[in-house]
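Undergrad: I would like to see how this sequence folds:
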Amino acid sequence: MAALTTSALNLPDEILDPWLGKVQGGSTVAALSNSIPMKFGTGHSMTFDIGEAEYVGEGANKSGSTITPTTVTTSPFKFQKTVRWTDEVQWADEDGKVAVVAQVLDLIQPALSRALDFGVIHGINPNNGAAVAAMTQKLSAATNQVERVSSDKPYANLDAADALVLANSYIPADVALDPALAAKFSALRGNNSEQRLYPNFKLTTAVSELDGHRASVSRTVQALNVAASASKLLGIVGDFSAIRWGIQRQIGMEMIRYGDPDGGGDLKRNNQVAFRAEVVYGWGIADLNAFALIVDKVAG
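TA: Numbers count the residues shown, from 1 in each chain. Below is the predicted model of the structure:
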């Protein structure tokens, strides 16, 4: 892993866009489902169904109510991001006032946010795209699937996915979309009109409205250029409250001056420093039947 050096920068009189690439979005899982408090380690989240109320006639006896618990097991997974640079980069940044260091550090948090999606949706290590055997609970394992061909109207795919979720007694209130499919919705216009068919829909990770669904858009859905093997996933429709996730440990930004924290060589010997941030997520999925996948029939 090469450390950042001043040769990568135009100093001191230009402020450059971050060279690590544009942040492609945050977490659709975090956007569409609420986090819950968690302690470190494997845990259990429980939900209860007590059925419906009972009518009692005058003078009639009351019967007991059955409580049906559902247990969701949550497992911990740690993600980290470590960035190296030379001492000279810090000096140039301080003297030139170009905020280079701040720009790089600002990219660490979004990367850790996207890591939640790569884990919950695909069960992969975002650093190399490889499947993580321990990540057994993942949305991509859902068996309810709608195959999409290029000639399909996107709303037809959405309707078909809704029907699968409804058939399993869940409400398909939410949808996470890859930009490739999201753009199909955004481009639709009314008949003989320039009016957008879905004017409230936005191509952002932040939640917007799409045909009665809470929608979030991110490249993490398909994991294109991240997953080691091509993903066919274009959309996830369902009840995202069935996902139980939380932050078990959030370790703040750490500046490392000594040692070899990432296998790149001794920091002091190379006149380098490293910045690291780590987060431990825990998650579980109550029922994969609460979701239906829209997959590309052509890809793969």
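Undergrad: and residue 140, helix, strand or coil?
TA: Under DSSP: H, G, I helix; E, B strand; the rest coil, residue 140 falls in the helix class.
Undergrad: what sits closest to it if chain neighbours are left out?
TA: In space, and not counting its chain neighbours, residue 140 is closest to residue 122: 5.3 Å by Cβ to Cβ, 6 or more residues apart in numbering. C-beta coordinates here come from the backbone N, C-alpha and C atoms, glycine included.
Undergrad: ends of stretch 124-144, what's the gap?
TA: Start-to-end span of stretch 124-144 (Cα to Cα, to the nearest Å) is 21 Å.
Undergrad: got the buried residues for it?
TA: 124, 125, 126, 129, 135, 137, 138, 139, 140, 142, 144 (16 or more other Cβ atoms under 10 Å).
Undergrad: re earlier: my guess is the residue nearest to residue 140 contacts residue 223. True?
TA: Yes - Residue 122 lies in contact with residue 223 (Cβ atoms under 8 Å); the separation is 5.3 Å.
Undergrad: what do these two both touch?
TA: Here residue 122 and residue 223 have 231, 233 as joint contacts, going by Cβ atoms under 8 Å, 6 or more residues apart in numbering.
Undergrad: quick one: low-confidence ranges for this protein?
TA: 1-25, 36-52, 54, 62, 64-66, 68-72, 88-101, 105, 249-252, 299-300 (pLDDT under 70).
Undergrad: what about the strands in the stretch 101-250 of the chain?
TA: 145-148, 174-177, 208-210, 213-217, 233-238, 243-256 (DSSP state E, counting those that start in this stretch).
Undergrad: coming back round to it: what's the closest of the buried residues of stretch 124-144 to residue 231?
TA: Closest to residue 231 out of these is residue 140 (7.3 Å), distances taken as Cβ to Cβ.
Undergrad: what sits against the closest one?
TA: If you count contacts by Cβ under 8 Å, 6+ apart, then residue 140 has 121, 122, 123, 231, 233, 293 around it.
Undergrad: any idea how far the fourth one lies from residue 55?
TA: When you say that, I think you mean residue 231. 50 Å (Cβ to Cβ, to the nearest Å).
Undergrad: neighbour count: those two, which is higher?
TA: residue 231 (22 against 6; other Cβ atoms under 10 Å).
Undergrad: could you identify the longest strand within this protein?
TA: strand 68-86 (DSSP state E).
Undergrad: relative to strand 243-256, how tilted is that one?
TA: If you take axes from the mean of the first three to the mean of the last three Cα atoms, to 10 degrees, strand 68-86 sits at 20 degrees to strand 243-256.
Undergrad: pretty sure residue 135 is touching residue 119, no?
TA: Yes - Residue 135 is in contact with residue 119 according to Cβ under 8 Å; the separation is 5.7 Å.
Undergrad: what sits in contact with each of these two?
TA: Joint contacts of residue 135 and residue 119 (Cβ under 8 Å, 6+ apart) are residue 77.
Undergrad: quick one on the thing from earlier: of all the strands of the stretch 101-250 of the chain, which one is nearest residue 29?
TA: If we rank these by Cβ to Cβ, the stretch that ends up nearest is strand 243-256, at 6.2 Å.
Undergrad: and residue 166, how far from residue 295?
TA: Distance from residue 166 to residue 295, by Cβ to Cβ: 19 Å.
Undergrad: ok, these two, which is more surrounded?
TA: More crowded of residue 166 and residue 295, by other Cβ under 10 Å: residue 295, with 20 against 12.
Undergrad: looking at this, the more buried one is in a strand?
TA: Yes - using three-state DSSP, the assignment for residue 295 is a strand.
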